[in-house]
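Trainee: Quick one: sequence plus predicted model below, questions after.
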Amino acid sequence: MTKATEVLVERISGDLQKLEDSLKASEDKRTYIRFPRGFLRSASSFRRRYWIIKDDSLRRNIAYSLILSDVYRWMRNRTDLVGTAREMLSKEGICLMGCLAESITKHVLHGICGKNYEKRVDKLLELKIIDTSVHEKLKWLWKYRTREHLFLLTEREHNHYQLEHYNKAILAIEGLRSSLAQHSREKNRQVRFSDTVASRLCAQENLQFWQPFPSGLSFAPSSKREPHQRSRLVRRPTPFW
């Protein structure tokens, strides 16, 4: 931090305290301090990062939750909030990441593994979509996520939520997102490769391969599609020259 920044921070901090003291003295209930622009990322930027989520409503809701995560991040990185208040802020950030992980795993494994969160995370490891490091972080994340249910706790929530825990939760959800994105890209490359091989084989047999859908998009089995939608092999006319 530069000297000029230190001076600015000290002045703003002092002015905020003066404002708070003034509000208390005048018994004003409400005022609005302008939240700094440029820190919170936009919903559209988060939607682009989570292109792997095919359900539009879920993708948008994930984006909204990540904007809230940016608010938590600002409060942690830009204020000197300490003690229990800082711990509870960290807890809410961790639980928010757990909520996202729950929804994302439920979405991507729909029709494959509809069991509880931990079973879904195990399934992702079994399918080699995530590695053991991401698997461990996601399991840890859920253990902390369940602490949202206060009636299940048998001890006081004190010194449970440190910066390292908050950062680990962020790494867990980012690990899940990047693993799913990589898996999706590899799957699409395989589909494109299969289409290329099929086209070459058809060329050798004087056949034309017809694919009505862009490579990489999922669609129902041929028997469940309309006749005009089915991929087919068409005999190509033999050149007469």
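Mentor: Structure received.
Trainee: Correct me if wrong: Gly93 contacts Val71.
Mentor: No - here Gly93 does not reach Val71: they are 9.5 Å apart, not a contact under C-beta atoms under 8 Å. C-beta: built from backbone N, CA, C; applies to glycine.
Trainee: Just want to know which of these two has more residues nearby.
Mentor: For Gly93 and Val71, the more surrounded residue by other C-beta atoms under 10 Å is Gly93, and the numbers stand at 23 against 14.
Trainee: what pLDDT does that one get?
Mentor: What the model reports for Gly93 is a pLDDT of 96.
Trainee: Could you do Glu118 as well?
Mentor: Glu118 is given a pLDDT of 94.
Trainee: Run a quick neighbour tally on it.
Mentor: Per other C-beta under 10 Å, the neighbour tally for Glu118 reads 13.
Trainee: what helix or strand does it sit in?
Mentor: If you go by DSSP states H and E, Glu118 is part of helix 117-126.
Trainee: which outside residues touch that helix?
Mentor: Helix 117-126 has contacts (C-beta atoms under 8 Å, 6 or more residues apart in numbering) with 101-102, 105-106, 108-109, 112-113, 130-132, 135, 138-139, 142, 179.
Trainee: make it 6 Å
Mentor: Glu102, Thr105, Leu109, Cys113, Ile130, His135, Leu138, Trp142 (C-beta atoms under 6 Å, 6 or more residues apart in numbering).
Trainee: who's in contact with the third one?
Mentor: Applying C-beta under 6 Å, 6+ apart, we find Leu109 in contact with Arg120.
Trainee: Could you rerun that using 7 Å?
Mentor: Arg120, Lys123 (C-beta atoms under 7 Å, 6 or more residues apart in numbering).
Trainee: swap in the fifth one?
Mentor: By C-beta under 7 Å, 6+ apart, Ile130 lies in contact with Leu124, Leu176, Ser179.
Trainee: Give me the secondary structure label for the second one.
Mentor: For Leu176, the secondary structure call by DSSP: H, G, I helix; E, B strand; the rest coil comes out as helix.
Trainee: ok, now how distant is it from Ser69?
Mentor: 14 Å (C-beta to C-beta, to the nearest Å).
Trainee: higher neighbour count, these two?
Mentor: Ranked by neighbour count (other C-beta under 10 Å), Leu176 and Ser69 place Leu176 first, with 26 against 20.
Trainee: what's the spacing between the residue positioned nearest the centre of the chain and Ala4?
Mentor: By C-alpha atoms, centre = their mean, the mean C-alpha position of the chain lies nearest to Arg177, the distance being 5.2 Å. Applying C-beta to C-beta, the value for Arg177 to Ala4 is 38 Å.
Trainee: Ile129: which element?
Mentor: Under DSSP H and E, no helix or strand contains Ile129.
Trainee: what's the nearest residue to it if we skip its chain neighbours?
Mentor: With C-beta to C-beta, 6 or more residues apart in numbering as the criterion, Ile129 has its nearest non-adjacent residue at 4.7 Å, and that residue is His183.
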